[in-house]
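Chemist: This is a predicted model, with the sequence first.
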Amino acid sequence: MFIVNKEPEFIEIYGARVNNLKNISVKIPRNKLVVITGLSGSGKSSLAFDTLYADGQRRYVESLSSYARQFLGRMSKPEVDKIDGISPAIAIEQKVNTRNPRSTVGTSTEIYDYLKLLFSRIGITFSPISGNEVKRHSVSDIVDFVTTIENNTRVVIVSPIIYNDRDKITQLDILRKQGFSRLFNDGEFITLEDVIEKGEEINDNYFLVIDRLAVDNDKTNWHSRLADSIQTAFYEGQGNCTIFYELGLLWENKSFSNKFELDGISFTDPSVDFFSFNNPFGACKKCEGYGSVIGINPDLVIPDKNKSIFEGAVACWSGEKLSEWKNSLIMSAQKFDFPIHRPYNLLDDKQKEILWTGNEYFEGINSFFKEVENNSYKIQYRVLLSRFRGKTVCPDCRGTKLRKDANYVKINYKSITDILLMTIDEAANFFASIKLTEFENKIAKRIISEIENRLKILQDVGLSYLTLNRQSNSLSGGESQRINLGTSLGSSLIGSMYILDEPSIGLHPRDTERLIKVLKNLRDIGNTVIVVEHDEDIMKAADFIIDIGPEAGRNGGELIFSGSYQDLLKTSNGLTAKYLRKDLQIPIPKIRRKWNYHIEIDGAQQNNLKNIFVKIPLGVITLITGVSGSGKTSLIKDVLYPGLRNRLGEYVEQMGNFSSIGGDYKLLSAVELIDQNPIGRSSRSNPVTYIKAFDEIRTLFANLKLAKLRAYKPGFFSFNVPGGRCEMCQGDGLVKIEMQFMADIYLKCEHCNGSRYKPETLEVKYKDKSIADILLMTVSEALEFFSGNDSSKLESKIYDKLKILDDVGLGYVQLGQQSNTLSGGEAQRIKLAFHLTRGVTNEKIMFIFDEPTTGLHFHDVIKLYNSINELIKYGHSVIIIEHNQELIKCADWVIDLGPEGGQAGGNLVFEGLPEDLVKNSNSFTGKYLKDKL
């Protein structure tokens, strides 16, 4: 009798104490969609990733052989009493997991693998000369052709005479001895015997006769004789055979070849490796499959494409001597009708080609750089050359990464490169309407089904605007996470526990609906899906919700609620439930701020933008909205940001495609992009150093009695310079252990026990705390520590700066937390805090925020909005790219792009007040905003 172990219904966690978790125990239903929510810093990630995922991964590693484990290292058990019912864990985080420049959306989703297989199986090769199909003929192909000729027609099977470097008579004699007897030319037969006896040279129009016969489809052995003769013709003609057949008084002919060639070109047989840029056989020989080479970068040569040649668009043609090249073009432009006053981005392709390659009247940019290279033995020319060198599109493959002849192979007149350059939507439409023969369909049906399935998943997760050739390392964290989610669904893995970190980041509410379907699909095939999330729609769709709180940091880490969404609304008194029930709300401003001054962007055409004209107000909060891929980033980060910096006199390496930026931009002093990139230039940077509060803290310690006795200056308390820091780890607190062929690991420094400082430095204490103790405090703890009626002026300065960090919702972050451990949203809010610490200045700055609500709970969004309002009070202007409806409803002005993503987007759908946006029937944003106003 067999005993069948029943699969457990729950994942049971007992006594989780990782980070700030307070000994919590919770039962999580298996094979359900589970949302873990709570304030930023409350302990959500500690439960999901540091407890559940860490233990699932540890158990998997321990199940491997001892040989395999030696390469993976020992994984410590998370601080938890017990976890039962856990499945193999897969974490899909907001990280771009690859730095490989060859990795693309197509390769990481396996779509490219199926495309290679498809083109190698049913791809048709076309000659680039004539455009005709290149085909290798078989014996049966020729037999089929001959059988179509009318019965009793005389047919002659011939092959070209191959002389093999012998004189003609000698070769003809060899053929005679092999049993061949006749030659044929334009209806005339002559015997080999006569030619050899006369010793006359014959011209190259003569063919060797292999067989003569009359078409007789009724005769039983006729076809086998025909096939044998054709086989012999191929052999004697080294792969070439011609059929002559009598048509009235004339002889018609048709040539065949069992070689893969046409128009004098020999082609390569399509194979999987032939279409792989990761294989030397298929990769472009010049760029080796990278798609780019180090050369003259056109974007550096012409940084501002809105300038004309006369205005100095060509940056390398500046200066007294080098401007002679520009003058040469200006003087001769009339001879070939070149528009020297037209902006570069409005020149047509032919005019741009003339500018770069030159003509008989003037030498172009390419000739200029050839001359510079010829003089590169001089230092000034080497410096000039280095200014304009960079990664540029490979001239041989034009960025496709593949060998040139791979593009001769087509399906429905599209090459593999054509498909890779399509967006997900365009590729899906192509395969939905593909027309194949019955034979091709039998071969390709399953392959195309796999491709369509993966394309559909990418559409569902809101990535329809990406091209298949898009490099993986250029994706945002949210896009990369959804790519990985799509790959997981495509692989149809079951019985696993998927843990996702805010997959809704970067998604418009319209696209979130599609994402929910994908998450439910992942659940329905037999997986447990655990999502760390703040999005209201995803919470409503969840089977089970876990709320961690009540607040952040040391005031969080407790289990506030676990159960269904309906029970959360009915029974929970946590902040999450209060916002969902509307007991607490982010208030709508009573009055929208008016504006008198603005910036104008005219003719914005970057990426998918459709030559739009936009007004952006000054002195107010402007929200840029639209579905994913509608053109928000193109307008603000690619056009406005570099364009405005250029107008304000800053050097800009590369500008977007637009006609002009005008309006009242001279009222601004600067433009600041507050993005989600890490703070500082190294991992040593941390919140307290970034907002310059550490300067005052070091001065405070240097003013203490013991420090003065020992002559310690403020610099002595820095961990970035020699002095008071631990020299073994050089103030890092960690020591890097090089693992040779594996990734390096970091261990706590044994000399300072991770404190970063020497023992004598730690002897200096303020209120019984060393400087290392201060760095370990959270912002909230430090505020309490530095508050008090007896605070000095220095302490008040420290308190004021730290208070701003708390105001932007970072009270749970440690003062000394390394920048590489901060999320993108946290890094963004630290940058905001830095600018708020500067207070009122004479500068009027345009601040650009890219999705600042990333990772924020409803309660934290209020703090963020209040902080951004402070910038407006200081006289600055704010632009926010955002999907969060709670923030959009608070805007003074909204600019909505769309209506769709990709090529169906890029239009100005709406600009005005939020109240008017909801009346616009073309706006998806307005549709979802109605419920908030």
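Modeler: Ah, there it is. Numbers count the residues shown, from 1 in each chain.
Chemist: can you list the weak-confidence ranges in the stretch 451-600 of the chain?
Modeler: Residues of the stretch 451-600 of the chain meeting the criterion pLDDT under 70: 477, 492.
Chemist: For this structure, give the helix that spans the most residues.
Modeler: helix 438-460 (DSSP state H).
Chemist: list the buried ones in the following helix or strand past it?
Modeler: Counting by DSSP states H and E, the element after helix 438-460 in chain order, helix or strand, is helix 477-491. Applying a neighbour-count criterion of 16 or more other C-beta atoms under 10 Å, one finds 477-490 buried in helix 477-491. The C-beta positions use only the backbone N, C-alpha and C, and glycine is treated the same way.
Chemist: Identify the neighbouring strands of the very next helix or strand once past helix 477-491 in the sheet and state each direction.
Modeler: Once helix 477-491 ends, the next helix or strand along the chain (criterion: DSSP H and E) is strand 497-501. Strand 497-501 pairs in its sheet with strand 89-92 (parallel), strand 528-532 (parallel), by DSSP bridges.
Chemist: Quick one: distance of strand 497-501 to the chain centre.
Modeler: Remark: strand 497-501 is offset 21 Å from the chain centroid, using C-alpha atoms, centre = their mean, to the nearest Å.
Chemist: Next, please give the residue ranges for the helices of the stretch 151-300 of the chain.
Modeler: For the stretch 151-300 of the chain, the helices defined by DSSP state H, counting those that start in this stretch cover 168-177, 192-198, 222-236, 298-301.
Chemist: And for Asp405, nearest residue in space, chain neighbours not counted?
Modeler: Residue nearest to Asp405 in three dimensions, not counting chain neighbours: Thr268, with 6.1 Å by C-beta to C-beta, 6 or more residues apart in numbering.
Chemist: need the contact list for the one you found.
Modeler: When contacts are counted by C-beta atoms under 8 Å, 6 or more residues apart in numbering, Thr268 touches 260, 274, 405.
Chemist: So which of the helices of the stretch 151-300 of the chain is nearest Tyr60?
Modeler: helix 298-301 (46.0 Å; C-beta to C-beta).
Chemist: Looking at the closest one now, give me its mean pLDDT.
Modeler: Confidence over helix 298-301 (mean pLDDT, whole number) is 85.
Chemist: Output the contacting helices and strands for it.
Modeler: Counting contacts by 3 or more C-beta pairs under 8 Å, 6 or more residues apart in numbering; DSSP states H and E, helix 298-301 packs against helix 379-388, strand 389-393.
Chemist: Save the ones you listed as a markdown table, and put in mean neighbour count, mean pLDDT and distance to Leu815 too.
Modeler: Converted to a markdown table, these look like this (neighbours: other C-beta atoms under 10 Å; pLDDT from 0 to 100; distance: least, C-beta to C-beta, whole Å):
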| stretch | mean neighbour count | mean pLDDT | distance to Leu815 |
| --- | --- | --- | --- |
| helix 379-388 | 13 | 87 | 41 |
| strand 389-393 | 16 | 80 | 39 |
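Chemist: Count residues in the vicinity of Leu640, would you?
Modeler: 27 (other C-beta atoms under 10 Å).
Chemist: surely it meets Met655?
Modeler: No: Leu640 lies out of contact with Met655 (C-beta atoms under 8 Å); the separation is 10.5 Å.
Chemist: By mean pLDDT, flag the weakest helix or strand of this structure.
Modeler: Counting by mean pLDDT, DSSP states H and E, the weakest-scoring helix or strand in the chain turns out to be helix 66-72, with a mean of 65.
Chemist: Tyr112: neighbour count?
Modeler: 23.
Chemist: what about it, helix or strand, and which?
Modeler: Tyr112 belongs to helix 111-122, assigned by DSSP H and E.
Chemist: Sort out which residues of that helix are buried, please.
Modeler: Of all the residues in helix 111-122, those buried under the rule 16+ other C-beta under 10 Å are 111-120, 122.
Chemist: Contacts for it, please.
Modeler: With C-beta under 8 Å, 6+ apart, helix 111-122 has contacts from 104-107, 270-272, 274-276, 409, 411, 416, 419-420, 427, 436, 440, 443-444, 447-448, 450-451, 454-455, 468.
Chemist: One more: stretch 668-679?
Modeler: With contacts defined as C-beta under 8 Å, 6+ apart, stretch 668-679 is touched by 477, 618, 637, 641, 644-645, 648, 685-687, 690, 819-820, 822-825, 827-828, 830-832, 835, 842-852, 854, 877.
Chemist: Inside helices: which ones of those residues?
Modeler: Those of the contacts of stretch 668-679 lying in helices (DSSP H): 477, 641, 644-645, 687, 690, 824-825, 827-828, 830-832, 835.
Chemist: for the stretch 51-200 of the chain, which spans come out with low pLDDT?
Modeler: 68-75, 94-99.
Chemist: Now do the strands in it.
Modeler: With strands called from DSSP state E, counting those that start in this stretch, the stretch 51-200 of the chain shows them at 80-84, 89-92, 124-126, 133-134, 154-160, 182-185, 188-191.
Chemist: Break the chain down into its domains, please.
Modeler: Residue ranges for the domains of the chain, per automatic domain parsing: 10-96+493-580, 136-259, 292-393, 587-676+825-933.
Chemist: returning to that earlier point: distance to Arg592 added to the strands of the stretch 51-200 of the chain, as JSON lines?
Modeler: JSON lines is the format used below for these (distance: least, C-beta to C-beta, whole Å):
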{"stretch": "strand 80-84", "distance to Arg592": "50"}
{"stretch": "strand 89-92", "distance to Arg592": "40"}
{"stretch": "strand 124-126", "distance to Arg592": "60"}
{"stretch": "strand 133-134", "distance to Arg592": "65"}
{"stretch": "strand 154-160", "distance to Arg592": "85"}
{"stretch": "strand 182-185", "distance to Arg592": "92"}
{"stretch": "strand 188-191", "distance to Arg592": "96"}
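Chemist: just to revisit the earlier point, can you tell which of the helices and strands packed on helix 298-301 is closest to Lys254?
Modeler: strand 389-393 (43.3 Å).
Chemist: Pro642 reaches Met655, doesn't it?
Modeler: Yes: with contact defined as C-beta under 8 Å, Pro642 counts as touching Met655 (4.8 Å).
Chemist: which SS class is Glu600?
Modeler: Following DSSP: H, G, I helix; E, B strand; the rest coil, Glu600 is assigned to strand.
Chemist: Numbering from 20 from now on, please.
Modeler: Let's use 20 as the start, then, which means that last one is Glu619.
Chemist: Check whether it really touches Pro636, as I assumed.
Modeler: No: Glu619 is beyond contact range of Pro636, at 10.9 Å (criterion: C-beta under 8 Å).
Chemist: Just want to know which of the two has more residues nearby.
Modeler: Using other C-beta under 10 Å as the criterion, Glu619 and Pro636 rank with Pro636 on top: 22 against 14.
Chemist: So in terms of bridging, what pairs with that one?
Modeler: Beta-bridge partners, per DSSP bridges, of Pro636: His617.
Chemist: Please tell me how far it sits from Ile891.
Modeler: 11 Å (C-beta to C-beta, to the nearest Å).
Chemist: Repeat that for Val412.
Modeler: For Val412, the distance to Ile891 (C-beta to C-beta) stands at 42 Å.
Chemist: With Ser64 instead?
Modeler: 32 Å.
Chemist: mind listing what Ser95 touches?
Modeler: Arg77.
Chemist: Was I right to think Tyr948 contacts Cys909?
Modeler: You called it Tyr, but residue 948 is Leu. No: contact between Leu948 and Cys909 fails when scored by C-beta under 8 Å: they sit 11.2 Å apart.
Chemist: Now Ala332: closest residue in space, sequence neighbours ignored.
Modeler: Lys326 (4.0 Å).
Chemist: For that neighbour, give me the pLDDT.
Modeler: 87.
Chemist: for Ile22, same thing?
Modeler: Ile22 carries a pLDDT value of 50.
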